[in-house]
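1. After the sequence you'll find the predicted model.
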Amino acid sequence: QLQFVESGGGLVQPGGSLRLSCTASGFTFDGVAIGWFRQAPGKEREGVSCISNRGLRTNYADSVKGRFTISRDNAKNTVYLQMNSLKPEDTANYYCATLRPGCPGGPTGSWGQGTQVTVSS
């Protein structure tokens, strides 16, 4: 079964940086696109960024373009999200998921526990 373990979240001041990791198992990792999503309290889950199976294609939400960078290491079954110039509105629980049919695409419905990012002074 698909499993995701997200890590790297924490408390950071505005303007700071974090690097999130998503390690997956239970499927052929280099065969699927992966996306990062986030959900803030009282809000719907939203897509943040995605990356194609071999990393040749990426996509970003307008709200994070120029600040976030997605990458993947297929040898480690891991996708990363480098987040720079963080803003309070980036505060949310961040999740990863496989996508269909690719990047961009819709989540397939299997979610990990997520990792909490809090941006506050």
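-> Good, I have the coordinates. Numbers count the residues shown, from 1 in each chain.
2. Where in the protein is the helix or strand with the lowest mean pLDDT?
-> For the chain, using mean pLDDT, DSSP states H and E, the weakest element among its helices and strands is strand 106-107, scoring a mean of 91.
3. buried stuff in the helix or strand following that one?
-> Downstream of strand 106-107, the next assigned helix or strand under DSSP states H and E is strand 115-119. For strand 115-119, burial by neighbour count (16 or more other C-beta atoms under 10 Å) applies to T115, V117, V119. Using the backbone N, CA and C atoms, a C-beta is placed for each residue, glycine as well.
4. who touches strand 115-119?
-> Residues outside strand 115-119 that contact it (C-beta atoms under 8 Å, 6 or more residues apart in numbering): 6-14, 16, 18, 20, 38, 83, 86-94.
5. how about 6 Å then?
-> Here strand 115-119 makes contact (C-beta atoms under 6 Å, 6 or more residues apart in numbering) with 6-9, 11-12, 14, 20, 86, 88, 90-91, 93-94.
6. quick one, what contacts P14?
-> Taking C-beta under 6 Å, 6+ apart as the test, what P14 contacts is V119, S121.
7. That one: helix or strand, and which one exactly?
-> Using DSSP H and E, P14 falls outside every helix and strand.
8. Please, where are all the strands along the chain?
-> 3-7, 10-12, 18-25, 33-39, 46-51, 58-60, 68-73, 78-83, 92-100, 106-107, 115-119 (DSSP state E).
9. middle-most residue in the chain, spatially?
-> In the chain, the residue lying closest to the centroid (C-alpha atoms, centre = their mean) is W36, at 2.5 Å.
10. Identify the residue spatially nearest to that residue, adjacent ones excluded.
-> Once flanking residues are discounted, W36 sits nearest to V48: 4.4 Å by C-beta to C-beta, 6 or more residues apart in numbering.
11. Sweet, I'm off.
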